[in-house]
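1. okay, sequence plus prediction incoming.
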Amino acid sequence: MRIVVTGSIATDHLMTYSGRFVDALLPDKLDALSVSFLVDGLDIRRGGVGANIAFGMAVLGLRPVLVGAVGNDFADYRSWLDRHGVDTSAVHVVDDVHTARFVCTTDQAQSQIASFYPGAMEQARDIELGPVAEQVGGVDLVLVGANDPEAMLRHTAECRQRGLAFVADPSQQLASATGDQIRALIDGAAYLFANEYESALIASKAGWTGDEIAERVGVRVTTMGAKGARVERPGAPAVEVSVPAEKRKADPTGVGDAFRAGFLAATSWGLGDERCAQVGALLATYVVETVGTQEYRFTRDEFAQRFGDAYGDAAAAEVVPHLAGAGAFR
């Protein structure tokens, strides 16, 4: 299965705060909020929704095509992605601006305060998917991830016009999107990904009930944090999966991206919804144990062992054969 991943490509600046943000907030003064936190550490990492998801798929042996816009500072990042199995030939380079930048601080309670500078990402709206599909010999699925809002709408509209199956994953852009924009982004999607809060926000802003959303998308995938994930497909019982035991909690940034990468990788292998969600949950667990969204490492045997420990030998027997061709476990 040839999968195109559209979305942000960014540099992450990740900081940690030893206290809790809520302890510095006064409920009756939130309209005049002005706070500063002395952080303990700073890690500068590769990131961006599109790049994170593409990297996760590549780690599992796929060769996804990454589509997005970057600045003239992308050379090292491109080399990294190429080396780990991501096809970056369709990434558009803008010469006079920086690659997008995500700045995030995480406190002891794993709460986060973040800001995002779009930079070159704003020019992703000029990218056409048709030439990309021709270049790579056809496309089976397009993930439309958080990106420049106009780019997201353009990619979605082009998928409909060209008859390309697409995944709606608006995530971080839901807060600023209008109801009309949200309806345009999800209507007709083969898959809709969201966490629990985002799922409620989609329904509220779009003005659609859960049943109405179900009529407009093929499969709804809802991540539920430590409670796992739920997959809802028309005409079938909902599937819920748990998350594997964590070895430690290092940083939650990029956990949702890894889940999507694992889910879609297993989808490309032809596995059922339960196994797809389980593969996604385990890949997400590796990310939460690591600082940085693309810094996790594991061997094929280790992944298979942890999968079996979490979900049983029968489940592992379905997944392990697909790991045999994985070339990016390094």
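-> Arrived safely, thanks for sending.
2. check contacts around residue 280.
-> Applying C-beta atoms under 8 Å, 6 or more residues apart in numbering, we find residue 280 in contact with 229, 258-263, 266. From N, CA and C alone the C-beta is placed, and that goes for glycine too.
3. same thing but 7 Å
-> Going by C-beta atoms under 7 Å, 6 or more residues apart in numbering, residue 280 touches 229, 259-260, 262-263.
4. what's the pLDDT at it?
-> Here, the pLDDT recorded for residue 280 equals 98.
5. I'd guess it is in a helix, am I close?
-> Yes: under DSSP: H, G, I helix; E, B strand; the rest coil, residue 280 sits within a helix.
6. give the burial count for residue 157, as a bare number.
-> Using other C-beta atoms under 10 Å, residue 157 has 12 other residues around it.
7. enumerate the positions of stretch 15-26 that are buried.
-> Across stretch 15-26, burial judged by 16 or more other C-beta atoms under 10 Å covers 15-17, 21.
8. mind putting those residues into TSV with distance to residue 8 and secondary structure?
-> TSV is the format used below for the buried residues of stretch 15-26 (distance: C-beta to C-beta, whole Å; DSSP: H, G, I helix; E, B strand; the rest coil):
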residue	distance to residue 8	secondary structure
15	19	strand
16	22	strand
17	24	coil
21	24	helix
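9. out of those residues, which comes closest to residue 102?
-> residue 15 (11.4 Å; C-beta to C-beta).
10. check that closest one and give its pLDDT.
-> If you check residue 15, the pLDDT there is 91.
11. before we move on, what about residue 292?
-> Residue 292 is assigned 84 on the pLDDT scale.
12. give me phi/psi at it?
-> Main-chain torsions, residue 292, degrees, to the nearest 10: phi 110, psi 150.
13. in the protein, which spans are strands?
-> Secondary structure of the chain (DSSP state E): strands at 3-6, 10-16, 41-47, 65-67, 69-70, 92-93, 100-106, 112-117, 141-145, 166-169, 191-195, 219-223, 229-232, 239-241.
14. now for the first one, which elements pack on it?
-> Contacts of strand 3-6 with other secondary structure elements, assessed using 3 or more C-beta pairs under 7 Å, 6 or more residues apart in numbering; DSSP states H and E, are made with helix 49-59, strand 65-67, strand 141-145.
15. let me see the contact set for residue 153.
-> If you count contacts by C-beta under 7 Å, 6+ apart, residue 153 has them with 181, 184-185.
16. could you dump those residues into JSON lines with pLDDT and distance to residue 281 added?
-> Shown next, in JSON lines, are the contacts of residue 153 (pLDDT from 0 to 100; distance: C-beta to C-beta, whole Å):
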{"residue": "181", "pLDDT": "97", "distance to residue 281": "30"}
{"residue": "184", "pLDDT": "97", "distance to residue 281": "30"}
{"residue": "185", "pLDDT": "98", "distance to residue 281": "25"}
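17. from those residues, which land in helices?
-> 181, 184-185 (DSSP state H).
18. middle-most residue in this protein, spatially?
-> Centre of the chain computed as the mean C-alpha position; nearest residue by C-alpha atoms, centre = their mean is residue 257, 2.5 Å away.
19. residues contacting that residue?
-> 49, 52-53, 56, 293.
20. go through the residues you listed and name the one nearest residue 95.
-> The closest of the contacts of residue 257, once distances to residue 95 are taken by C-beta to C-beta, is residue 49, at 23.3 Å.
21. out of the strands of the chain, nearest to residue 156?
-> Checking the strands of the chain against residue 156 by C-beta to C-beta gives strand 141-145 as the closest, at 5.3 Å.
22. CA atoms of the closest one as PDB?
-> Once non-C-alpha atoms are left out, strand 141-145 reads as follows in PDB (Å, rounded to 0.1, in the frame of the first residue of the first chain):
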ATOM      1  CA  LEU A 141      -4.200   6.400   0.900                       C
ATOM      2  CA  VAL A 142      -3.500  10.100   1.800                       C
ATOM      3  CA  LEU A 143      -3.300  11.200   5.400                       C
ATOM      4  CA  VAL A 144      -4.300  14.800   5.800                       C
ATOM      5  CA  GLY A 145      -2.700  15.800   9.000                       C
END
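23. please name every helix or strand in contact with that strand.
-> So strand 141-145, by 3+ C-beta pairs under 7 Å, 6+ apart, packs with strand 3-6, helix 49-59, helix 149-162, strand 166-169.
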